[in-house]
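> my questions concern the predicted model and sequence given below.
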Amino acid sequence: QSVLTQPPSASGTPGQRVTMSCSGSSSNIGSFAVNWYQQLPGTAPKLLIYIDNRRPSGVPDRFSGSKSGTSASLAISGLQSEDEADYYCAAWDDSLHTWVFGGGTKLTVL
Amino acid sequence: QVQLQESGSGLVKPSQTLSLTCDVSGGSISSGGHSWSWIRQPPGKGLEWIGHIDHSGSTDYNPSLKSRVTLSVDKSKNQFSVTLTFVTAADTAVYYCAREVILTATQGWFGPWGRGTLVTVSS
């Protein structure tokens, strides 16, 4: 069981907007920045969103992050086939004294 | 641009020790504001943080692995390493090294990541 809770799957058609959630607690998301990582099939994870809602250079503005209380969300607008990947949220947990990840959401582009 | 590359044994026998090294290029492992992490991913499963080390050798470990894991850093070679003792089949995973950027006490992230190396525990 992951400390951060993500839905196992999400789907959408090209051009649609999809969102995925990440639920935690006061010891992680409620107190620390949330980051999102995209893992394309067969590759290493890549930083997608950092500090809740900031995009690294090179990440399209179709990707956006938000946080409220102990939950965070990732939104992808104008869905494209190349967005098909696993998406993981992560945050530091001050009670466990460790980085914690969500179980990942597998995004399918129909 | 910082790049990371994992290396080490891809096959380890049960009860033996797993050892991996991460070579850092394009930047100094001693640069401030960074720690250096190991993260693993069992086949078909999610990500698990193993631990991190900074350039001074200060470490934090995942409590679930703390009794078996040791991280070390070699500044002269610009690399850091992980050893995991008494491995079992449950330790079979792709092992990633990653730079951990520390902006403030509550803001940090992983990036970049190495490409990962598969370690299989089997007799």
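Yep, that arrived.
> and the strand ranked longest in chain B, which strands flank it?
The strand spanning the most residues in chain B, taking DSSP state E as the definition, is strand B:93-104. Looking at strand B:93-104 with DSSP bridges, its partner strands are strand B:34-41 (antiparallel), strand B:107-113 (antiparallel), strand B:117-121 (antiparallel).
> adding mean neighbour count, write the ones you listed out as JSON lines.
(Each C-beta comes from the backbone N, C-alpha and C, glycine too.) Output for the strands paired with strand B:93-104, formatted as JSON lines (neighbours: other C-beta atoms under 10 Å in any protein chain shown):
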{"stretch": "strand B:34-41", "mean neighbour count": "24"}
{"stretch": "strand B:107-113", "mean neighbour count": "21"}
{"stretch": "strand B:117-121", "mean neighbour count": "17"}
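> mind putting those strands into JSON lines with mean pLDDT?
Converted to JSON lines, the strands paired with strand B:93-104 look like this (pLDDT from 0 to 100):
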{"stretch": "strand B:34-41", "mean pLDDT": "97"}
{"stretch": "strand B:107-113", "mean pLDDT": "95"}
{"stretch": "strand B:117-121", "mean pLDDT": "98"}
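> buried set for the helix or strand hosting B:C22?
Under DSSP states H and E, the secondary-structure element containing B:C22 is strand B:18-25. Residues of strand B:18-25 classed as buried: B:L18, B:S19, B:L20, B:T21, B:C22, B:D23, B:V24 (neighbour count, 16 or more other C-beta atoms under 10 Å in any protein chain shown).
> kindly report the same for stretch A:5-12.
Along stretch A:5-12, these residues count as buried under the neighbour rule (16+ other C-beta under 10 Å): A:Q6, A:A10, A:G12.
> which residues does the last one bridge with?
In this entry, A:G12 is beta-bridged to A:V109, by DSSP bridges.
> so who does it touch?
Contacts for A:G12 (C-beta atoms under 8 Å, 6 or more residues apart in numbering or on different chains) come out as A:V18, A:I76, A:L79, A:L107, A:V109, A:L110.
> how close does the residue of chain A positioned farthest from its centre sit to B:H52?
With distances taken as C-alpha atoms, centre = their mean, the residue sitting farthest from the centre of chain A turns out to be A:S95, at 21.6 Å. In this view, A:S95 and B:H52 are 18 Å apart by C-beta to C-beta, to the nearest Å.
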